[in-house]
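Peer 1: show me how the following folds:
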Amino acid sequence: MSTDPPSLLSLTIDSALLHISRFPDLSTIPDHLLLELFLRTLSAGKLNEKNLKLFIATDSEEILSLIQKLNIQPVLTPVLPTSKSFLNSDALISWFSFE
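Peer 2: Residues are numbered from 1 along each chain as shown. Below is the predicted model of the structure:
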């Protein structure tokens, strides 16, 4: 029983998937390869917030449409003020007053 060796394209996408967290930008990748990389990222369970932002930043209509159809939404992390000037201010005290 003989099996065909993987294609160079398949090996390249597999390698990109292994190192996807190291890519600063995916916008130079052609759409058909980007779609394949996105689908493999999903199936490998590697779609985290950082990777999702990389794919969204490409502005690929296919990727954005697929993200919308699958109802994938980025996590919105609330940012709380942490500066000392705000924490010591009267505004903060009045914000939490229950009068």
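
Peer 1: switch to C-alpha atoms for all contacts and neighbour counts from now on
Peer 2: Will do.

Peer 1: can you name the element that comes right after the helix or strand hosting residue 33?
Peer 2: According to DSSP states H and E, residue 33 maps onto helix 31-43. Tracing the chain C-terminally past helix 31-43 and defining elements by DSSP H and E, one meets helix 49-56 next.

Peer 1: now the angle between helix 31-43 and that next one, please.
Peer 2: 160 degrees (axes from the mean of the first three to the mean of the last three C-alpha atoms, to 10 degrees).

Peer 1: please enumerate the helices of the chain.
Peer 2: Using DSSP state H, the helices assigned to the chain run over residues 8-18, 31-43, 49-56, 61-69, 84-87, 90-95.

Peer 1: so for the fifth one, mean pLDDT?
Peer 2: Spelled out, it's helix 84-87. When pLDDT is averaged over helix 84-87, the result is 57.

Peer 1: what sits against the residue nearest the centre of the chain?
Peer 2: Nearest residue to the geometric centre of the chain (C-alpha atoms, centre = their mean): residue 52, 1.6 Å. Shown in contact with residue 52 (C-alpha atoms under 8 Å, 6 or more residues apart in numbering): residue 74.
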